[in-house]
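Undergrad: pasting the structure only:
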Ligand SMILES: Cc1cc2nc3c(=O)[nH]c(=O)nc-3n(C[C@H](O)[C@H](O)[C@H](O)COP(=O)(O)O)c2cc1C
């Protein structure tokens, strides 16, 4: 999502209320203004100070507080999006009936914003005919229901009814309000960093977490593109294709696996975005058994050979009209020198765009934010962005639309 949204996060009284903190945090980090409206029951599960600190706003729960500012309708009227996570069976029933006996009910009834619910409850409650009918009614009215998933529930039992993870809730919610400017486009995105094995237990790798590539994949899917995400050793969980529409995820590890998967996926893609950090070299041979210091002594020399240049291969195999976007992670901090390196690279690689980002011990890799400059084949700067990885993702995809 590109713009700052007013998002209301409604929290209701279930154990999963603690996970709402993650939902709020992700929305705030993505640059949105978050107003939390909690039910009385929710505040028995999670404390106001936590919610206020994470949302950076006062938390509202009392219908009769802030009466002079007509809070019972003001929050809902100002909302661009309302996400209720977790949504209890009780609140789902009240929403289906149109009840407004608390601040959350009033906020939702007084709003025209899209409503997204992330139900959380025991399997019996979720499958109860009353809940089934209420969910069907809400879906019918255009409410988006995210999950629930299957897994460990409160207590010892497990089954359907578990609230899906915060990142999936946020991605699904933002997808509801995203502009649909990439509908019909097939986009292949690589993320993470390749690893080259030395022996069965060790590898040469890099610190790329995959966060930037995943953010691009989620935004592209939200904007309606058919997305193939190829993850190389992602350090965060890949988004689940079950909750995110238009997204297929596959996993690879080495550069040659990434090469095979990317080249195959690129055949019918409109756009390929190579956000993965690819190892330039790999060990010439991989030891069958663990390399031991007892046999190696004080020094160990590794012979490395060049890996295939996937970006260049993609450019060479480019179909008519296909757009290839490369990433160049550089430690150069001088802007002019960074651009100079980028201009030479974009020509060498034959990409349509090159996203330059400065990486270092504390920058770029595995962080929540990123700073990029995008140049085209001619070396002109076509975009610049600094901020959360999702806002940077949106700027990169804006180039396509
Ligand atoms: C320990 C505990 C856990 C609960 N977990 C859930 C839950 O996960 N889902 C649910 O629908 N209700 C759950 N409930 C019941 C709700 O808290 C109860 O229905 C409450 O009235 C919901 O109020 P609210 O919808 O206004 O937040 C739980 C109750 C307790 C005591």
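TA: Noted; the coordinates are in hand. Source: prediction; values computed, not measured.
Undergrad: right, and the helix or strand after the worst-scoring helix or strand of the chain on mean pLDDT?
TA: When the helices and strands of the chain are compared on mean pLDDT, DSSP states H and E, strand 149-152 comes out lowest with a mean of 84. Sequence order places strand 158-162 as the next helix or strand after strand 149-152, per DSSP states H and E.
Undergrad: can you tell me what sits against the helix or strand following that following strand?
TA: Counting by DSSP H and E, the next helix or strand C-terminal to strand 158-162 is helix 166-177. Under the contact criterion CB atoms under 8 Å, 6 or more residues apart in numbering, helix 166-177 has outside partners 1, 5, 7, 19-20, 22-23, 25-27, 30, 80-81, 83, 85, 114, 116, 118, 144, 146-147, 163, 218, 221-222, 236-237, 239-240, 243-245, 390. C-betas here are computed from N, CA, C, even on glycine.
Undergrad: quick one on the thing from earlier: so what does the least confident helix or strand of the chain touch, helix or strand wise?
TA: strand 158-162 (3 or more CB pairs under 8 Å, 6 or more residues apart in numbering; DSSP states H and E).
Undergrad: and the strand it packs on, how far out from the chain's middle?
TA: 23 Å (CA atoms, centre = their mean, to the nearest Å).
Undergrad: again, but for stretch 76-89
TA: Worked out by CA atoms, centre = their mean, stretch 76-89 lies 20 Å from the chain centre.
Undergrad: swap in stretch 311-331?
TA: In this view, stretch 311-331 has its centroid 23 Å away from the chain centroid, taken as CA atoms, centre = their mean.
Undergrad: straight-line length of it, end to end?
TA: 20 Å (CA to CA, to the nearest Å).
Undergrad: now do it, average pLDDT.
TA: In this model, stretch 311-331 has an average pLDDT of 95.
Undergrad: what does stretch 76-88 give?
TA: 97.
Undergrad: now do the same end-to-end measure for it.
TA: This stretch, stretch 76-88, spans 20 Å end to end (CA to CA).
Undergrad: near the ligand, which residues of the stretch 1-150 of the chain?
TA: With the criterion set to CB under 6 Å from any ligand atom, the stretch 1-150 of the chain comes near the ligand through 12-16, 39, 41-42, 88-91, 120-121, 125.
Undergrad: of the residues you listed, grab the buried ones for ChimeraX.
TA: Burial among those is assessed by 16 or more other CB atoms under 10 Å; the matching ChimeraX selection reads:
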select :12,13,14,16,39,41,42,88,89,90,91,120,121,125
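Undergrad: of the residues of the stretch 1-150 of the chain next to the ligand, which is the nearest to residue 194?
TA: Relative to residue 194, the closest of these is residue 16; by CB to CB it sits at 35.8 Å.
Undergrad: show me what contacts the closest one?
TA: Counted by CB under 8 Å, 6+ apart, residue 16 has contacts 85-86, 120, 162-163.
Undergrad: recalculate using a threshold of 7 Å.
TA: Going by CB atoms under 7 Å, 6 or more residues apart in numbering, residue 16 touches 86, 120, 163.
Undergrad: from residue 65, how far off is the first one?
TA: With the distance defined as CB to CB, to the nearest Å, residue 86 ends up 23 Å from residue 65.
Undergrad: neighbour count for the two, which is higher?
TA: Using other CB atoms under 10 Å as the criterion, residue 86 and residue 65 rank with residue 86 on top: 30 against 13.
Undergrad: tell me the secondary structure at that one.
TA: Under DSSP: H, G, I helix; E, B strand; the rest coil, residue 86 falls in the strand class.
Undergrad: ditto for residue 290
TA: Applying three-state DSSP: residue 290 is coil.
Undergrad: separation between it and residue 96?
TA: 59 Å.
Undergrad: more neighbours: which of those two?
TA: The residue with more neighbours, out of residue 290 and residue 96, is residue 96; 19 against 10, by other CB under 10 Å.
Undergrad: now do the contacts for that one.
TA: Contacts of residue 96 by CB under 7 Å, 6+ apart are 134, 137-138.
Undergrad: how about it: what's its closest non-neighbour residue?
TA: residue 134 (3.8 Å; CB to CB, 6 or more residues apart in numbering).
Undergrad: residues of the least confident helix or strand of the chain that come out buried?
TA: For strand 149-152, by 16+ other CB under 10 Å, it's residue 149.
Undergrad: that one pairs with which strands, and in what direction?
TA: strand 158-162 (antiparallel) (DSSP bridges).
Undergrad: so does the strand it pairs with get close to the ligand?
TA: No: for a cut-off given as CB under 6 Å from any ligand atom, strand 158-162 has no contacts with the ligand; the smallest distance is 7.6 Å.
Undergrad: and that strand, what's its mean pLDDT?
TA: So the average pLDDT for strand 158-162 ends up being 89.
Undergrad: which parts of that strand are buried?
TA: So strand 158-162, judged by 16+ other CB under 10 Å, has buried residues 160-162.
Undergrad: the ligand: which of these is nearest?
TA: The closest of the buried residues of strand 158-162 to the ligand turns out to be residue 161 (CB to the nearest ligand atom; 7.6 Å).
Undergrad: so how far is the ligand from the residue sitting nearest the centre point of the chain?
TA: Among the residues of the chain, the one closest to the centroid is residue 215, at 4.2 Å (CA atoms, centre = their mean). Separation of residue 215 from the ligand (CB to the nearest ligand atom, to the nearest Å) stands at 30 Å.
Undergrad: that residue and residue 394 touch, don't they?
TA: No: Residue 215 is beyond contact range of residue 394, at 8.5 Å (criterion: CB atoms under 7 Å).
Undergrad: in ChimeraX, how would I select the buried members of the contacts of helix 166-177?
TA: Typed into ChimeraX, the line below selects the buried ones among the contacts of helix 166-177, using 16+ other CB under 10 Å:
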select :1,5,7,19,20,22,23,25,26,27,30,80,81,83,85,114,116,118,144,146,147,163,218,221,222,239,240,243,244,390
